[in-house]
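> what follows is a predicted protein model with its sequence.
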Amino acid sequence: MNDCRLGEGERGFCGLRIGRGGRLVHLGGTAARGILHWYYDPLPTNCVADWVCPGTRQYGKVNLAVFYGACTYDCLFCQNWHFRELGPETDGLGAEELAAKANWQTFCVCFFGGDPTPQMPHALAAARLLARRGVRICWETNGSMHPEVLDQAVRLSLETGGCAKFDLKAYSEGLHLALTGITNHRALENFSRAAALVAERPDPPLVIASTLLVPGYVDAHEVGQLARFIAAINPQIPYALLAFHPHFYLHDLPRTSRRHAEACLQAAREAGLTNVKIGNRQLLSNAY
């Protein structure tokens with residue numbers, strides 16, 4: 001995570017840890033108490049990996065969507081900013097309670113948010129229980145968790161037929177810092193670490209990347225750099241380019257234009273990736 005060093009009474013970046021009596025106290029995110037809300041999402045759904053995921057063929061089944069109320073980033077453009085309405089004061093849910101929500105219709109679970117990273121002890125505990133029930137384990141994350149925790153998460157996806165979806169915000173560290181408040185070193189290192197396992201199960205894809213095309217910030221040049229980074233690891237890794245909708249602090253920006261999205265698609269392909277898709281096409285505009 002962000003390796004916060006907390007003084008007495010200070011809260012960490014994600015808001016779920018506080019310094020008390022010289023030690024770190026967890027306000028949520030443990031196996032006993034996750035800060036989240038959950039729901040059944042009928043399949044097929046608008047998953048980032050929808051074009052490569054077997055869930056798109058599971059009519060009548062559901063995804064157990066687990067929306068965590070904390071994040072290790074502070075993205076100016078956050079598309080799920082309402083995770084901030086949850087917090088340590090929210091009634092929590094234990095890992096066993098969450099796993100018990102799976103029923104005969106549950107094909108897969110996706111841990112997202114916010115981000116599962118600040119609450120990985122809870123997510124991993126629930127994921128292990130769900131895996132025993134035959135549920136596919138999927139993650140949607142910025143990838144900033146500790147590498148050893150990442151290994152556990154990706155291994156669960158590998159063994160159950162699920163996937164790890166990395167939302168790569170930007171390749172340039174300066175731009176990443178400006179947009180999220182956090183460096184991207186850990187995210188890029190973790191992506192490489194997870195992608196090293198892709199060959200163990202090429203179908204369905206274990207690792208998927210995505211990038212939000214923020215107007216004026218994440219352009220074809222930025223996408224090209226990310227795509228070259230991904231292609232150098234494995235050119236067959238699926239990459240989704242997502243349309244931006246005005247939200248949070250960047251509410252005054254237009255929606256991603258078709259021209260912008262097509263230019264990014266071309267840049268990703270020219271960088272060597274063979275499986276690239278423009279997602280959320282219904283949000284594209286002609287604004288610029």
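That came through fine.
> give the contact list for the residue nearest to residue 259 when sequence neighbours are not counted.
In space, and not counting its chain neighbours, residue 259 is closest to residue 288: 7.3 Å by Cβ to Cβ, 6 or more residues apart in numbering. C-beta here means a position set from N, CA and C on the backbone, and glycine is covered the same way. Counting by Cβ atoms under 8 Å, 6 or more residues apart in numbering, residue 288 makes contact with 215, 254, 257, 259-260.
> first-to-last residue distance for stretch 34-45?
24 Å (Cα to Cα, to the nearest Å).
> and that stretch, average pLDDT?
Mean pLDDT, stretch 34-45: 95.
> other residues contacting that stretch?
Contacts to stretch 34-45, defined as Cβ under 8 Å, 6+ apart, come from residues 16, 28-29, 50, 55-70, 86-88, 90, 92-95, 98, 101, 105-108, 110, 113, 119, 122-123, 126.
> so residue 66, which state does it fall into?
Taking DSSP: H, G, I helix; E, B strand; the rest coil as the rule, one finds residue 66 in the strand state.
> any idea what it is bridged to?
When assigned by DSSP bridges, residue 66 has beta-bridge partners residue 38, residue 111.
> would you map the helices across the stretch 101-250 of the chain?
In the stretch 101-250 of the chain, helices defined by DSSP state H, counting those that start in this stretch lie at 120-132, 147-160, 173-180, 185-195, 220-233, listed in chain order.
> of those helices, flag the one that's most buried.
Mean neighbour count, computed with mean count of other Cβ atoms under 10 Å, is highest for helix 120-132 among the helices of the stretch 101-250 of the chain, reaching a mean of 22.
> could you work out the most separated pair of the contacts of residue 288?
With Cβ to Cβ as the measure, no two of those lie farther apart than 254 and 259, at 11.8 Å.
> where exactly do the strands run in the stretch 1-150 of the chain?
With DSSP state E, counting those that start in this stretch as the definition, the stretch 1-150 of the chain shows strands at residue ranges 17-20, 23-26, 36-42, 62-68, 106-113, 136-141.
> what distance separates the fifth one from the centre of its chain?
The offset between the C-alpha centroid of strand 106-113 and the centroid of the whole chain comes to 11 Å, using Cα atoms, centre = their mean, to the nearest Å.
> and that strand with helix 120-132, angle?
Compare the direction of strand 106-113 with that of helix 120-132 by axes from the mean of the first three to the mean of the last three Cα atoms, to 10 degrees and you get 170 degrees.
> so which elements touch strand 106-113?
The elements that strand 106-113 packs onto, with contact taken as 3 or more Cβ pairs under 8 Å, 6 or more residues apart in numbering; DSSP states H and E, are strand 36-42, strand 62-68, helix 120-132, strand 136-141.
> now the ones you listed as JSON lines including distance to residue 198?
Written out in JSON lines, the entries for the helices and strands packed on strand 106-113 read as follows (distance: least, Cβ to Cβ, whole Å):
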{"stretch": "strand 36-42", "distance to residue 198": "26"}
{"stretch": "strand 62-68", "distance to residue 198": "22"}
{"stretch": "helix 120-132", "distance to residue 198": "20"}
{"stretch": "strand 136-141", "distance to residue 198": "15"}
